[in-house]
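J.: Model the structure of this input:
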Amino acid sequence: MPEDEKTPARQIITDYAQAHFRYFRTIDGTVYAQKNGHPVARPIRSQGTTGSHRQELMVGLFKDGIGVFNGTALKEALDLIEALALTEGVQPTHIRVAPGFDGATWLDLGRDDGQCVRIHPTGWDILTPNPKEVCWRRTQLTGELPLPAKDTEGKGIDLLLRLCNFANAETECLALAWLIGCLEPSVPVPAPFLTGPQGAGKSTGGRMLVRIIEGMSGDLRRAPKDEENMITAVAAGWVTALDNLSHLPPDLSDLMCCIVTGAESIKRALFTDGDVVRSRYRRPMLLTGIDVGVIRPDLAERLLPLRLVRPRVRRTEAELWTEYAEILPVVLGSLLDLTVKVRAAEADTPTDLRMADFAHLCAQLDAATGFGALKAYRASLDDLNDDVIEGDLLAQTVLQHAATLDPGTEVRMTSSEWLHCLTSLYSGEDCRPLPKGWPTTGKVLSDRLKRLQPTLAARGVLIDWGRTSAARYIEMTRPPLPPPHQQEEAF
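T.: Numbering: from 1, shown residues only. As a prediction, this is how the structure comes out:
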């Protein structure tokens, strides 16, 4: 055949690719390739050492007897495919959990055959999803889950709780509520903080909870040293689990708040000056540690303390994880059964808690099972408020001043006047030195009070800001006590 009549290699590759793969783009402009009939999508520009689209395209061309092509032909073909895909519709990709049609939710089992779990209002099934309904993105952190067992009659929940060292039934039901929340892509859930004495099995318990969602390869990790590495790790998996925390610096605390409730990170694209890369993330988190020191108020509202106790009988790691791997299909099946039951339950949404979605989930869990999850959640938040106050001398001083006010009293002063008042109260007649971090200006005091506002409100002290024609002011109020019959109902 004359040279001018031969089909160019790039055309052969392009025709093969379009016949065997579906190409689409995400909202940020990244183009993905999805093999026909398979739910997993891979970015076509991925240069990963294993599993990249370039590699699967080369393997397909070779195994189907079409030929082996050089890098130039592959690059030209992929450039054309990418340009064509940018004119197609937009579809999101998901890691581990995804929303589906008709109110369903999908759980990626991480299997090569593409089988997944579809959780729907009347039950759950093991299916291969329609690629147009769900597109999975997998990374090295996406472990394989076993096929969940059917008709477990809740035995898996009992088997799981028997292996964990939770301190009481309230802690157990909060752990179950968190696991159910991890299967709902649209519900932000607070981060469990597994705490307890040395030797209570905090790391082991954390791994057990994580591996129900992430598979046996899921594990805990140390907190990254900077925000960029943290965001990279968060974006590559579903559950982010940090082990053995002993200190929460302000930057890490703020970043955890963003991860739990959702945020977006933007950075410059490589080798460009004008293009940017957007990273949106909202992930379940899990933390372990004996004591992390002072907890900032905004993070406290996003934490879920789970206390563990030391076991009476010790077991070897090999024995423990062998048993866990055997019961994991039953545990996962029971969790899915419970999830369906909880989602079908009707309950009012508490309107006084910041994590209202999780509070509603706790109320549904109570309606479906008779547990006391919502009451336990409120008690855990109350304990965290105590921790915040115990670690903040300014909060203690404000409460000390508020205790001198009669119920229903309102006090207005400028921020500088409040600073002088609270500083004098703390120093006392002995003029004891001010602690490190004590506000030095009225502006700093005002900012600190804004952070403490929810914590103080939970203790019956309301802080508000306003302005008169002369100056701005900060108002402190002790609300009047409710009538006696309402106080009795509260208890």
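
J.: who touches stretch 151-158?
T.: By Cβ atoms under 8 Å, 6 or more residues apart in numbering, the residues outside stretch 151-158 that reach it are 149, 176, 327, 330-335, 337-338. Every residue, glycine included, has its C-beta placed from N, CA and C.

J.: Okay, buried residues for it please.
T.: 152, 156-157 (16 or more other Cβ atoms under 10 Å).

J.: With stretch 89-96 instead?
T.: 91, 93-96.

J.: Also stretch 97-107?
T.: 97-98, 100, 104-107.

J.: distance between the ends of it?
T.: Terminal residues of stretch 97-107 lie 5 Å apart, using Cα to Cα, to the nearest Å.

J.: same question for it, mean pLDDT?
T.: For stretch 97-107, mean pLDDT is 92.

J.: M476 belongs to a strand?
T.: Yes: applying DSSP: H, G, I helix; E, B strand; the rest coil, one finds M476 inside a strand.

J.: could you measure the spatially closest residue to it that is not a sequence neighbour against D464, distance?
T.: For M476, ignoring the flanking residues on the chain, the nearest one in space by Cβ to Cβ, 6 or more residues apart in numbering is V411 at 4.9 Å. According to Cβ to Cβ, to the nearest Å, V411 stands 11 Å off from D464.

J.: quick revisit: who's in contact with whatever helix or strand the residue nearest to M476 lives in?
T.: When elements are assigned from DSSP states H and E, V411 belongs to strand 410-413. Here strand 410-413 makes contact (Cβ under 8 Å, 6+ apart) with 405, 421, 466, 473-477.

J.: Flag the least confident of these.
T.: For these, the pLDDT minimum is L405, 90.

J.: Surely that one is within a strand?
T.: No: applying three-state DSSP, one finds L405 to be coil, outside a strand.

J.: Could you tell me which helix of the protein is the longest one?
T.: helix 317-344 (DSSP state H).

J.: And what about the nearest residue to H38 once chain neighbours are set aside, helix, strand or coil?
T.: Take H38 and drop its neighbours on the chain: the residue closest to it by Cβ to Cβ, 6+ apart is G114, 4.9 Å away. Assigned by three-state DSSP, the conformation of G114 is coil.

J.: what number of residues lie near the residue lying closest to T14 once chain neighbours are set aside?
T.: Setting aside the residues directly before and after it, T14 is nearest to A77 in space (Cβ to Cβ, 6+ apart), at 4.7 Å. Residue crowding around A77 was assessed by other Cβ atoms under 10 Å; the count is 24.

J.: got the CA coordinates for whichever strand or helix holds A77 in CSV?
T.: Assigning secondary structure by DSSP H and E places A77 in helix 71-85. In CSV, the C-alpha atoms belonging to helix 71-85 read as follows (Å, rounded to 0.1, in the frame of the first residue of the first chain):
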residue,chain,number,x,y,z
GLY,A,71,5.0,7.5,22.2
THR,A,72,4.5,10.3,19.6
ALA,A,73,1.4,8.6,18.1
LEU,A,74,-0.1,8.0,21.6
LYS,A,75,0.5,11.6,22.6
GLU,A,76,-1.1,13.0,19.5
ALA,A,77,-4.1,10.7,19.8
LEU,A,78,-4.6,11.6,23.5
ASP,A,79,-4.3,15.3,22.7
LEU,A,80,-7.1,14.9,20.2
ILE,A,81,-9.2,12.8,22.5
GLU,A,82,-8.8,15.4,25.3
ALA,A,83,-9.8,18.2,23.0
LEU,A,84,-12.9,16.4,21.9
ALA,A,85,-13.9,15.5,25.5
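
J.: I'd guessed A368 sits against T339; true?
T.: No: A368 is not in contact with T339 according to Cβ atoms under 8 Å; the separation is 9.9 Å.

J.: When these two are compared, which one has more neighbours?
T.: Shown here are A368 and T339; by other Cβ under 10 Å, T339 has more neighbours (25 against 20).

J.: could you measure the residue nearest to that one when sequence neighbours are not counted against D151, distance?
T.: For T339, ignoring the flanking residues on the chain, the nearest one in space by Cβ to Cβ, 6+ apart is I180 at 5.0 Å. For I180, the distance to D151 equals 19 Å [Cβ to Cβ].

J.: Which strand or helix spans the nearest residue to S380 once chain neighbours are set aside?
T.: Nearest non-adjacent residue to S380, counting by Cβ to Cβ, 6+ apart: P305, 5.2 Å away. Here P305 sits within strand 303-307, counting by DSSP H and E.

J.: Look at F24 and give its secondary structure.
T.: Per three-state DSSP, F24 ends up strand.

J.: which ones are touching P190?
T.: Counting by Cβ under 8 Å, 6+ apart, P190 has contacts 178, 260, 301-304, 355, 358.

J.: Quick check: the farthest pair among those?
T.: W178 and E301 (15.3 Å; Cβ to Cβ).

J.: picking up where we left off before, please name every helix or strand in contact with the longest helix of the chain.
T.: strand 116-120, strand 123-127, helix 155-163, helix 169-182, helix 202-214, helix 356-369 (3 or more Cβ pairs under 8 Å, 6 or more residues apart in numbering; DSSP states H and E).

J.: buried set for that helix?
T.: 321, 324, 327-343.

J.: Check stretch 431-439 too.
T.: By neighbour count on 16+ other Cβ under 10 Å, the buried set for stretch 431-439 is 438-439.
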